[in-house]
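*Asks:* Need the 3D shape of this:
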Amino acid sequence: MAGVGAFAMSPLMATSSSIKDKEITKPYSSSSSSDEKIRNSRVLILGGTGRVGGSTAIALSQFSPGLRIDVGGRNREKGEEMTKKLGEKSKFVEIDLNNVDALEAALEDVDLVVHTAGPFQQAETCSVLEAAIRTKTAYVDVCDDTSYAFRAKSYCKDAVAANIPAIITAGIYPGVSNVMAAELVRIARDEVETEPERLRFSYYTAGTGGAGPTILSTSFLLLGEEVIAYKKGEKVKLKPYSGMVNVDFGKGIRKKDVFLLNLPEVRSTHEVLGIPTVSARFGTAPFFWNWGMVMMTNLLSPEFLKDKKKVQQLVELFDPVVRAVDGIAGERVSMRVDLECSNGQNTVGIFSHKQLSVSVGVSTAAFVLAVLEGSTQPGVWFPEEPEGIAVEARKLMLERAAQGTFNFVMNKSPWMVESNPKELGLGIYV
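*Replies:* Coordinates of the predicted model:
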């Protein structure tokens, strides 16, 4: 957009050890200075009084108690309540994201901004990323919208010119799921020497996963979007919440029905990792929520489901019922990533946690720490890009994100991770 691409690189102060004042041009390397880098950094979490932002703030404070965390939001009472949980190195910053001057003023004093103030669907600008580039502030967001994600990606050259690292779609899914896919692909190509042909993302969340009205609003808005998938290199358009598949998420979750949704990791992994066939599906529980989503897709027009005001009215209507059911359904979350290769080899990664509201914060915090430690190059990157999370940094990043999971496995054959593999004899399983 106008004005963003004109920034020149400014001299860097060699005396400071914060990320904002250090040149980020070398590939990631683990060193004893990582903890010091983090301790000397200040992070601003926009949407910090919400479910995702608050969870991220708590996770960051647990990963790195010395990190200075600013909680950004509009509700001072909730913000101050959150800062009490985080401790003396935290403070509340009252911010209206529509006030560009106030936003840039808030970014001047921080090293990294985390944008969790969704929903991202139908947002017309990337105002926070633009402000981060103007103020030379590192950036992480939890965007789950394809249009927004690729609009943000278009600022890559501007971020390079400003010498700031930015990772987009860096939550749990998309986010951790992208890194899982990248690792499965890397192992297939580099270690097994076979070519990946098909990548499938499958997600399950009980109820809203404790994530509240935001995820409900996001889900309804996604029902208004035509699904983009890829088949043998060709883009295909499909009806939202169609194409049901019964997927085995392994122990603690077992088999669940999942349905097609338009998610950014489909296009990004197709383009970045070069996988010809890619799709993403999502399902929830109890089963009647899936039925309800199918009915909404069939009965309501795409125009209705794209109308934020009408969707917000639906959210307000359903929210009390959803909260009541959430109390019974729980908030378990699971991701399964399947990779099929040209030699017939199929490999799987599974990530399951008892609480989405906790796991999403831990996952986002893992990305934030990777950026603070120098894993991310200047530019705007998807999680699966090596400039976003360096290949050698992926293991640590995934280990951090997986804290608290009851099932986390990578690069296994499907029969090894599914609920009830049965041995027929001679080591043959079905």
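*Asks:* Surely residue 117 and residue 47 touch.
*Replies:* Yes: here residue 117 reaches residue 47: they are 3.3 Å apart, a contact under C-beta atoms under 8 Å. Glycine gets a C-beta too; all of them are placed from N, C-alpha and C.
*Asks:* Mutual contacts of the two, please.
*Replies:* 53, 73 (C-beta atoms under 8 Å, 6 or more residues apart in numbering).
*Asks:* Quick one: list the elements packing against whichever strand or helix holds residue 78.
*Replies:* Residue 78 is part of helix 76-86, with elements assigned from DSSP states H and E. Counting contacts by 3 or more C-beta pairs under 8 Å, 6 or more residues apart in numbering; DSSP states H and E, helix 76-86 packs against helix 51-63, strand 68-73, strand 90-94.
*Asks:* Report the buried residues of it.
*Replies:* 78-79, 82-83, 86 (16 or more other C-beta atoms under 10 Å).
*Asks:* Go through the residues you listed and name the one nearest residue 68.
*Replies:* Ranked by distance to residue 68 (C-beta to C-beta), these are led by residue 86 at 9.7 Å.
*Asks:* tell me the contacts of the closest residue to that closest one other than its chain neighbours?
*Replies:* In space, and not counting its chain neighbours, residue 86 is closest to residue 61: 4.9 Å by C-beta to C-beta, 6 or more residues apart in numbering. Neighbour list for residue 61: 67, 69, 85-87, 90 [criterion: C-beta under 8 Å, 6+ apart].
*Asks:* Now render those as CSV, adding distance to residue 402.
*Replies:* Formatted as CSV, these follow (distance: C-beta to C-beta, whole Å):
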residue, distance to residue 402
67, 20
69, 22
85, 23
86, 23
87, 25
90, 26
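*Asks:* And those residues, which is closest to residue 342?
*Replies:* Of all the contacts of residue 61, residue 342 sits closest to residue 67, with 44.6 Å by C-beta to C-beta.
*Asks:* State the pLDDT value of the closest one.
*Replies:* pLDDT recorded at residue 67 is 93.
*Asks:* Flag the shaky bits of the stretch 101-250 of the chain, pLDDT-wise.
*Replies:* The stretch 101-250 of the chain contains residues with pLDDT under 70 at 209-214.
*Asks:* Can you give me the distance of the residue positioned nearest the centre of the chain to residue 368?
*Replies:* In the chain, the residue lying closest to the centroid (C-alpha atoms, centre = their mean) is residue 171, at 2.2 Å. Separation of residue 171 from residue 368 (C-beta to C-beta, to the nearest Å) stands at 11 Å.
*Asks:* again, but for residue 128
*Replies:* Distance from residue 128 to residue 368, by C-beta to C-beta: 15 Å.
*Asks:* neighbour count winner among the two?
*Replies:* residue 368 (28 against 25; other C-beta atoms under 10 Å).
*Asks:* okay, the host helix or strand of the more buried one in CSV with CA atoms only?
*Replies:* Element membership of residue 368 [criterion: DSSP H and E] is helix 356-372. Output of helix 356-372 as CSV, limited to C-alpha atoms (Å, rounded to 0.1, in the frame of the first residue of the first chain):
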residue,chain,number,x,y,z
LEU,A,356,-7.5,-25.4,23.1
SER,A,357,-7.7,-22.2,25.1
VAL,A,358,-4.3,-23.1,26.7
SER,A,359,-2.7,-24.8,23.7
VAL,A,360,-3.3,-21.9,21.3
GLY,A,361,-1.4,-19.5,23.7
VAL,A,362,1.5,-22.0,24.1
SER,A,363,1.7,-22.4,20.3
THR,A,364,1.7,-18.7,19.6
ALA,A,365,4.3,-18.1,22.4
ALA,A,366,6.5,-20.7,20.8
PHE,A,367,6.6,-18.6,17.6
VAL,A,368,7.2,-15.4,19.5
LEU,A,369,10.2,-16.9,21.3
ALA,A,370,11.6,-18.2,18.0
VAL,A,371,11.5,-14.6,16.5
LEU,A,372,13.1,-13.1,19.7
